[in-house]
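Participant: Here's my sequence, what's the structure:
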Amino acid sequence: MKVEYITPFVTGSIFVIEEILGLTPERGQLTARPELFTSQQINILCAISGEIEGQVIYGMNSGTARKLAGKLRGKQFSDITAEADVAIAEVGQRLSDSSLKLLAAEGFPTEMSSQTIIKGANIRMSKIETPTLVIPILIDGIGEIEIYVSLRVAKDSAA
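Facilitator: Residues are numbered from 1 along each chain as shown. The predicted structure follows:
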């Protein structure tokens, strides 16, 4: 996977988190996986299409999800409610929008064709056979969001 595919997700995510939470997150150590797999409890799955295709997951544990939703809604959540789901989905939408704009600026116009919240740990995604890079984003007082990026040149775009 090209670094040009990864950098927009790091930069875009940090920008959005700073903008909506007023906090400066830190990027953790990148890791690679042979397939798209998340061990997180709350996941926002985004299907990406265009000149490059694949999937991106924004994953977090339930504690991080509750704190994130609470910060956005100005209240505490003791559970992941429908209102918390909406807040988490909004974050996923904003993270994706920002990242895809930066990806287009790098010369890879894409769009998000769907976004789904998936709850439950140890979820494997095998729609495409593409290695995955995992980017941890650490947010002080909130927790960690892991960004799983699994992208490749679209078959229609391959020369």
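Participant: quick one, strands of the chain?
Facilitator: Under the criterion DSSP state E, the chain contains strands at 26-27, 31-33, 36-38, 42-50, 52-60, 110-119, 123-125, 132-139, 143-153.
Participant: okay if I get these as CSV plus mean neighbour count and distance to Ile80?
Facilitator: For the C-beta atoms, the positions are set from N, CA and C on the backbone; glycine is no exception. Listed next are the strands of the chain as CSV, based on neighbours: other CB atoms under 10 Å; distance: least, CB to CB, whole Å:
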stretch, mean neighbour count, distance to Ile80
strand 26-27, 12, 25
strand 31-33, 11, 25
strand 36-38, 22, 16
strand 42-50, 21, 7
strand 52-60, 23, 11
strand 110-119, 14, 7
strand 123-125, 15, 16
strand 132-139, 19, 17
strand 143-153, 21, 14
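Participant: which one is Asp79 nearest to, not counting chain neighbours?
Facilitator: In space, Asp79 comes closest to Arg66 once its chain neighbours are excluded; the distance is 7.4 Å by CB to CB, 6 or more residues apart in numbering.
Participant: With Gln40 as the reference, measure out to the one you found.
Facilitator: Distance, Arg66 to Gln40, using CB to CB, to the nearest Å: 13 Å.
Participant: and if you look at Ala121?
Facilitator: From Ala121 to Gln40 the distance is 7 Å (CB to CB).
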